[in-house]
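**Q** Show me the folded form of this:
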Amino acid sequence: MLLLLLLLLFSASSFAQKTSVEETSVSFLELRNCKSSFAETKLTEESEATVNKFAHEFAHVESIYESKLKLQYTQESLAGKHYSYIQTIGNTIVYNSEVKVNTNGKAVVLSVFDNSFSPKTFTDKNSSLAQAEIFVKEKFQSFYSLKNEIIWFPLSETELAKAYRFELQNAASENLEIITNGREILYKRDLNTYAAQADSTAKGFVFMPDPLTSSGNVYGGSFIDNYDNDSPWLTNERKEVSLSVEFSNNVFKLKNSFVQISDFDLPNNIPATAVLPMFNFSRSNLNFEQVNAFYHITEIGKHIKSMGFNCANTLVDVDANALNGQDNSFFATNYNPQRLYFGIGGVDDAEDADVIVHEYSHFLSYNASPQSNTGNERLALDEAFGDYNAASYSRAINDFNWGWVYNWDGHNAFWTGRVVNSNKTYPTNLVNNIYKDGEIWSSMLMQLWSDIGKNTMDKLIVQAHYGYAQNIKFTDAANLLLSADQQLFNGLHYCILTQRMFERGVLPSGKTLCTNAIANIQKELPVVLLQTPDGCIVTSPETLWNTTVEIIDAAGKKIHTQPFEGRTIIDGKHFTPGIYFVKVSNSNSSKILKWFKQ
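**A** Here you go, the predicted model:
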């Protein structure tokens, strides 16, 4: 009889909005796609027993000796119920083997995703657990072990090896997942994938959503970080807002049912409190980032809850001054409550609502569909969800330059930021980079935001996330989006959804287009030119296809051409001072902009 263990898969996981530290990946696992079905199946009743029977029959796991599915969790959403299983063999889990069943809550299976394995070969040549612990400790001397467990680790679709899974952490809050047989590392993953009391009312000052968007500027000139120093231009961009806070022991605290501000990482900065109901700080004070993060997370949490979803029902713990100077942020699941870390390198991350909302979106996604964020396309979908939510939130406040995400934190010398108005398509522009690949999905979602409105699109994408599973593809996510529309709106938006999916290359097999779903008529390209100290940037609030940018000098001579990519940077060092004309065009229309090169 194989050893019986109580196991928890992927209990420590972190998701960030920028780049990652060193990451070792097994391409077989990261690029593996799950088997999926969207054929509706009527059950005799809606119960764990009938869904369990359906899941076992679909995955055929019982044909394997001592193999079965173990229920990990059930989750309810506005449009149904969601059941997550993990494959076990002899009561030991099989790594990365989730089977996810989504129903309408009324005994109809809407979709199923199968990551189970059908092994023919089993290898059990492990060292002892004690030897494995010594091996891991020697390899990762600055880390300590949070937990360990025995698993079956897939070497291929048909070969499983008995192994030990460790979760490690160090003083810098790095979280690693290590799988070993005690003699060699089989798999290493950086889990920081770079992402009540009654409330009282207080006032506070925040950026809405950041100082560049609210002032209509791009990074440079008077609008620079300057080592967190105050300036009249940045101070003037603070807006007074109402804060839902806790009042206890005669002080106001940055805590409510959605978020609490804490200090659990370096540098140490005690959470701000106030004797009077006012949190008034400028950005040179670290408490400003605390108030800014607190306010924007609260607003998003209220929005999610107002739509009827439960993924914002638990509190998240936030250190707005974290990571000891690193220019990154991430979400960590291996704490109770779960945590958000915001770095203070470069532009302090918690000064930009886009970063705050992106990281909180990882929290929402995890709580809608726990333990499902594995596989390159699934990871890209999570990054896209964060970028979409950030853009949706910021654009509703101020639509200046909304196609950029992280307007204040990125698009500068610290890092390049990302866009949600890219013209990338699937699978042509897949590069196996979860951040770049995510721009395909987030840009499509923001097109749909323009087509059907913020509230409808927000509701559809959150609902879709409840159905997500390990290793799903973009086309699976598209199917879940269509299913969400069918369940929530009786298919009202089918035509525009499928049209945009077709344009992006993610239209699921078997789905057909409507006639004249979109009137594709343009009189003038919707592009703008933003002057920068080093040149200019050409951007658009819409996605433009097959579009080019040409630079024409005062004599009418074309001197430069490059493709338009949503956010097109013209490097001024290649041009002498003077007047230039920037022509942006495609087969349907064009627009000419004037650029003064200084």
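
**Q** residues near the residue lying closest to residue 391 once chain neighbours are set aside, how many?
**A** Spatial nearest neighbour of residue 391, chain neighbours left out: residue 420 (4.5 Å); criterion: Cβ to Cβ, 6 or more residues apart in numbering. Where you see a C-beta, it was placed from the backbone N, CA and C, and this is true even at glycine. If you count neighbours by other Cβ atoms under 10 Å, residue 420 ends up with 28.

**Q** same thing with residue 302?
**A** If you count neighbours by other Cβ under 10 Å, residue 302 ends up with 15.

**Q** ditto for residue 353
**A** Look at residue 353: counted by other Cβ under 10 Å, it has 29 neighbours.

**Q** returning to what we had before: how much space separates the residue nearest to residue 391 from residue 539?
**A** 11 Å (Cβ to Cβ, to the nearest Å).

**Q** so what sits against both of the two?
**A** 403-404 (Cβ atoms under 8 Å, 6 or more residues apart in numbering).

**Q** Could you check the pLDDT of the residue nearest to residue 564 when sequence neighbours are not counted?
**A** Excluding the flanking residues, the one nearest residue 564 by Cβ to Cβ, 6+ apart is residue 547, at 3.9 Å. On the pLDDT scale, residue 547 is placed at 91.

**Q** Residue 167: what's it in contact with?
**A** 11-12, 145-148, 175-178, 191, 334.

**Q** Check residue 356 too.
**A** 292-293, 296-297, 342, 349-350.

**Q** Residue 441 too?
**A** 380-381, 384, 388, 474, 477, 504, 506.

**Q** Compare the contacts of residue 167 and tell me which is most surrounded.
**A** Neighbour-wise, those (other Cβ under 10 Å) top out at residue 178, 24 neighbours.

**Q** where's the residue nearest to residue 525 when sequence neighbours are not counted, which helix or strand?
**A** Excluding its sequence neighbours, the residue lying closest to residue 525 (Cβ to Cβ, 6+ apart) is residue 591, at 4.3 Å. Using DSSP states H and E, residue 591 sits within strand 590-597.

**Q** can you map out the strands along the stretch 351-500 of the chain?
**A** For the stretch 351-500 of the chain, the strands defined by DSSP state E, counting those that start in this stretch occupy 404-405, 418-419.

**Q** What lies in contact with the last one?
**A** By Cβ under 8 Å, 6+ apart, the surrounding residues in contact with strand 418-419 are 387, 403-406, 410, 435, 438-439, 442-443, 565-567.

**Q** Serialize these to a markdown table and add fields for neighbour count, distance to residue 51 and pLDDT.
**A** A markdown table is the format used below for the contacts of strand 418-419 (neighbours: other Cβ atoms under 10 Å; distance: Cβ to Cβ, whole Å; pLDDT from 0 to 100):
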| residue | neighbour count | distance to residue 51 | pLDDT |
| --- | --- | --- | --- |
| 387 | 29 | 33 | 98 |
| 403 | 23 | 42 | 96 |
| 404 | 26 | 43 | 96 |
| 405 | 30 | 38 | 97 |
| 406 | 28 | 41 | 97 |
| 410 | 23 | 43 | 95 |
| 435 | 20 | 35 | 96 |
| 438 | 26 | 31 | 97 |
| 439 | 25 | 36 | 97 |
| 442 | 29 | 32 | 98 |
| 443 | 27 | 35 | 97 |
| 565 | 18 | 45 | 85 |
| 566 | 23 | 43 | 82 |
| 567 | 22 | 45 | 84 |
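
**Q** Reformat those as CSV; add distance to residue 123.
**A** Listed next are the contacts of strand 418-419 as CSV, based on distance: Cβ to Cβ, whole Å:
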residue, distance to residue 123
387, 41
403, 50
404, 50
405, 45
406, 45
410, 45
435, 35
438, 36
439, 40
442, 41
443, 44
565, 47
566, 48
567, 49
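
**Q** Just the ones in helices from these, please.
**A** Under the assignment DSSP state H, the contacts of strand 418-419 contribute 387, 435, 438-439, 442-443 to helices.

**Q** Pull the most distant pair out of the residues you listed.
**A** 435 and 443 (13.0 Å; Cβ to Cβ).

**Q** in the stretch 51-200 of the chain, which spans are helices?
**A** 129-139 (DSSP state H, counting those that start in this stretch).

**Q** Chain neighbours aside, what residue packs nearest to residue 176?
**A** With Cβ to Cβ, 6+ apart, the residue lying closest to residue 176 is residue 168, at 4.4 Å.

**Q** ok, that neighbour touching residue 179?
**A** No. Judged on Cβ atoms under 8 Å, residue 168 makes no contact with residue 179 at a distance of 11.5 Å.

**Q** so what's residue 560 bridging to?
**A** Taking DSSP bridges, one obtains residue 551 as the residues bridged to residue 560.

**Q** Thought residue 551 was touching it, still the case?
**A** Yes. Using Cβ under 8 Å, residue 560 is in contact with residue 551, at 3.9 Å.

**Q** among the contacts of residue 441, who's most crowded?
**A** Most surrounded of the contacts of residue 441: other Cβ under 10 Å gives residue 381, at 30 neighbours.

**Q** residues touching that one, list them.
**A** 438, 441, 468, 472, 474, 477.

**Q** thinking again about what came up before, which one of the strands of the stretch 351-500 of the chain lies nearest to residue 286?
**A** For these, the distance to residue 286 is smallest for strand 404-405, at 24.2 Å, taking Cβ to Cβ.

**Q** Name the nearest residue to the spatially most central residue of the chain, sequence neighbours excluded.
**A** Per Cα atoms, centre = their mean, the C-alpha nearest to the average position across the chain is that of residue 383, at 2.9 Å. In this structure, residue 383 finds its nearest non-sequential neighbour in residue 438, 3.8 Å apart by Cβ to Cβ, 6+ apart.

**Q** nearest residue to residue 208 other than its sequence neighbours?
**A** residue 239 (4.4 Å).

**Q** and the one you found, what element?
**A** Using DSSP H and E, residue 239 falls in strand 238-248.

**Q** contact partners of that strand?
**A** Here strand 238-248 has contacts from 197, 199-208, 214, 252-256, 277, 279, 282-283, 291, 294-295, 298, using Cβ under 8 Å, 6+ apart.
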